[in-house]
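Chemist: Sequence and predicted structure below; questions after.
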Amino acid sequence: MKGIIRFSINNKFAIWIMTIIVTVGGLYAGLNMKQETIPNISVPILVVNTVFPGAAPEEVADKLTIPLEQRLKNMNGVTAFTSTSSENVSSIVVEYDYGKDMKEAESELKAVTDGFELPSGAQDTQISKISLNDFPIMSLSISSGSGMTLEEVTKLVEEDLKPSLEGIDGMGAVAISGQQVKEVQLTFNKDKMAELGLSEDTVKGIVQASAVKAPLGLFEMDKTEKAIVVDGNVTTLDQLKNIEIPAIPSGAGGTSQQGAAGGSG
């Protein structure tokens, strides 16, 4: 310590030069240092999603979620996992140690899921990462200055602008908000429903079931295999009005009646 003090007293000019160099270097580094609001942090989490069309939550759990959990829990580096079995979808969140190489973890997880025999009708398992970088980097606002209606602007954005943006190299995802969304409300003819012995829940269930889209599998037709899909495809008000509501009126045989409910948009 005495040597440093003695050197500083005897070499004042050198100390001033060192002080100036350190100050200038600090200012330069501080002004040119790269900064990020959200730094690139790798989160050791992978998500395993499997779509099982037409399956109830109990069936999804028994045939997909639980068997996959049994395979995943013994994997190297896995610290915890949580699962959700909902209608048509099984989702498993797998957590790893922070020291785990996530590329290696993804390859191991893919090998395990590829070796799992999926139930008939289930789609291929998808593995995705959770990244803190998946945030919007740009927001665009679109308005009409030429007398276009909101419906016309919505159609322009959904059919022209969105596909063009999604085609840009490196684009992750494009989301739209604030567009026109059509909604239909059902009003019930209570006298007619009482005559036909129908309840509101019954009519709602039939309407919802009519719009369900579900694959039935592969069938041989004209010596070729074709995928058959049941698609309600209720997209217009006329199609909604033409949905048949089965009912058995009092004192009559089984018939198919319409008019118990009307749609208004």
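Modeler: Sure thing, it's come through.
Chemist: residues near the residue nearest to Glu87 when sequence neighbours are not counted, how many?
Modeler: The shortest distance from Glu87 to any non-neighbouring residue, by Cβ to Cβ, 6 or more residues apart in numbering, is to Pro57 (5.6 Å). Every residue, glycine included, has its C-beta placed from N, CA and C. Neighbour count of Pro57, defined by other Cβ atoms under 10 Å: 15.
Chemist: Look up how far Val112 lies from Asn76.
Modeler: Separation of Asn76 from Val112 (Cβ to Cβ, to the nearest Å) stands at 11 Å.
Chemist: Could you check which of these two has the larger neighbour count?
Modeler: In this view Asn76 and Val112 are compared by other Cβ under 10 Å, and Val112 has more residues nearby, 17 against 10.
Chemist: List of residues touching the strand or helix carrying the more buried one?
Modeler: In this structure, Val112 sits in helix 102-114 according to DSSP states H and E. Helix 102-114 is contacted by residues 42, 44, 46, 48, 68, 71-72, 75-77, 94, 96, 125, 127, 129 when judged by Cβ atoms under 8 Å, 6 or more residues apart in numbering.
Chemist: what ranges of the stretch 151-265 of the chain fall below the confidence cut-off?
Modeler: Where the stretch 151-265 of the chain drops to pLDDT under 70, the residues are 172, 211-219, 225-233, 235, 247-265.
Chemist: now the helices for it?
Modeler: 162-166, 190-196, 200-210, 237-241 (DSSP state H, counting those that start in this stretch).
Chemist: list the buried ones in the very next helix or strand once past the helix holding Val112?
Modeler: Next in sequence after helix 102-114, counting helices and strands by DSSP H and E, comes strand 126-131. Within strand 126-131, the residues that count as buried by 16 or more other Cβ atoms under 10 Å are Ile127.
Chemist: picking that back up, the residue nearest to Glu87: what's it in contact with?
Modeler: Neighbouring residues of Pro57 by Cβ under 8 Å, 6+ apart: Ser85, Ser86, Glu87.
Chemist: and the second one, what does it touch?
Modeler: Read that as Ser86. Ser86 neighbours (Cβ under 8 Å, 6+ apart): Pro57, Val60.
Chemist: do the same with the first one
Modeler: Applying Cβ under 8 Å, 6+ apart to Ser85 gives the contacts Pro57, Glu58, Val60, Ala61, Leu64, Thr65, Ser91.
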